[in-house]
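Trainee: Have a look at this fold, sequence not included:
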DNA sequence: GCTTGCGCCTGAATGC
DNA sequence: TGCATTCAGGCGCAAG
């Protein structure tokens, strides 16, 4: 379940291992994995063949490799996607979806069990692929304007967790870091955004940056050598989580058992004492 | 125009 | 033991 910190780790790995490499050929094994590349697999392969990778960039959970013709090889890892750089002769992974052969014999591989992830080639999108026009800047981008996010959030007629997960408002936050940030900020997920005081909105956005920065500091040390990837088992969320997936365990602040609710068709974890459910009406 | 809900997908975990 | 069901999650799009 890669969110922004995990995707950033992958981006850094790509920057380190495949920059300046040239793709000599590609194979698409699963059409669904390039469903966002509307012209289809033969076109996808044509557009990456003989292209040199000139930069590795990211916005929120999307990342892309700039190509030397100003196009971009765009990737979203979805829930289970991995990008791996493998030496020649490495056996194919069970869920290998796309293979890129590099000019030095290594392969860049897109591996994705659940196929919620995808890749595409965006023409002329080396700086910012047009597919990402509707994705808001993430909290670590130069163009991120936290005051503007505070204002936009308070104008929404929704609740604070839904707002955090809305990639058109702020990008890179998924279910896990949303719960962690809300715990740090002591806000309940169902709190209507329209009732947030400015200071509360600022508090939760600061918490988003805080939990992601901490995760990145740990995640950045978990990957090395000849592969870059998000490993579902290890390296990911080895850092201690305060709320997410801790149902029944004591809150580290007050000792109350963490509670799990079904919310928005997904799990939400809160401390019932530190994050009391908003009374309504709430002004 | 904005908000909400669903479908996509596979393997692990759980239930009977 | 074995089969069936539930769950996990982000995104895009349709419906409200």
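Mentor: Done, it's in. Note that this is a predicted model, so its numbers are computed, not measured.

Trainee: how many neighbours does the residue in the stretch 1-150 of chain A positioned nearest to DNA strand B have?
Mentor: Closest to DNA strand B within the stretch 1-150 of chain A is residue A:114: 3.8 Å, counting by CB to the nearest atom of the strand. Placement of C-beta: from N, CA and C, glycine included. Residues lying near residue A:114 (other CB atoms under 10 Å) number 10.

Trainee: can you list the residues of the stretch 101-250 of chain A near DNA strand B?
Mentor: By CB under 7 Å from any atom of the strand, the residues of the stretch 101-250 of chain A that approach DNA strand B are A:113-116, A:155-159, A:162.

Trainee: Would you map the strands across the stretch 151-283 of chain A?
Mentor: Along the stretch 151-283 of chain A, counting by DSSP state E, counting those that start in this stretch, strands occupy A:259-263, A:266-270.

Trainee: looking at these, which is buried most?
Mentor: The highest mean neighbour count among the strands of the stretch 151-283 of chain A, using mean count of other CB atoms under 10 Å, belongs to strand A:266-270: a mean of 20.

Trainee: rewinding a little: so for residue A:83, which of the strands of the stretch 151-283 of chain A sits nearest?
Mentor: Judged by CB to CB, the one of the strands of the stretch 151-283 of chain A that comes nearest to residue A:83 is strand A:266-270, at 25.3 Å.

Trainee: quick one: average pLDDT of that closest one?
Mentor: What strand A:266-270 shows for mean pLDDT is 90.

Trainee: and what of stretch A:197-210?
Mentor: pLDDT averaged over stretch A:197-210 gives 96.

Trainee: ok, now stretch A:83-93?
Mentor: Per-residue pLDDT values over stretch A:83-93 give a mean of 92.

Trainee: returning to that earlier point: of all the strands of the stretch 151-283 of chain A, which lies closest to DNA strand C?
Mentor: Using CB to the nearest atom of the strand, the nearest of those to DNA strand C is strand A:266-270, at 3.7 Å.

Trainee: near DNA strand B at all, that closest one?
Mentor: No. Strand A:266-270 lies apart from DNA strand B when judged by CB under 7 Å from any atom of the strand; the minimum separation is 9.3 Å.

Trainee: in its sheet, what does that strand sit against?
Mentor: Next to strand A:266-270 in the sheet, as set by DSSP bridges, lie strand A:259-263 (antiparallel).

Trainee: Identify the residues contacting the lowest-mean-pLDDT helix or strand in chain A?
Mentor: Every helix and strand in chain A was compared by mean pLDDT, DSSP states H and E; the lowest is strand A:259-263, with a mean of 87. By CB atoms under 8 Å, 6 or more residues apart in numbering, the surrounding residues in contact with strand A:259-263 are A:161, A:189-190, A:247, A:267-272.
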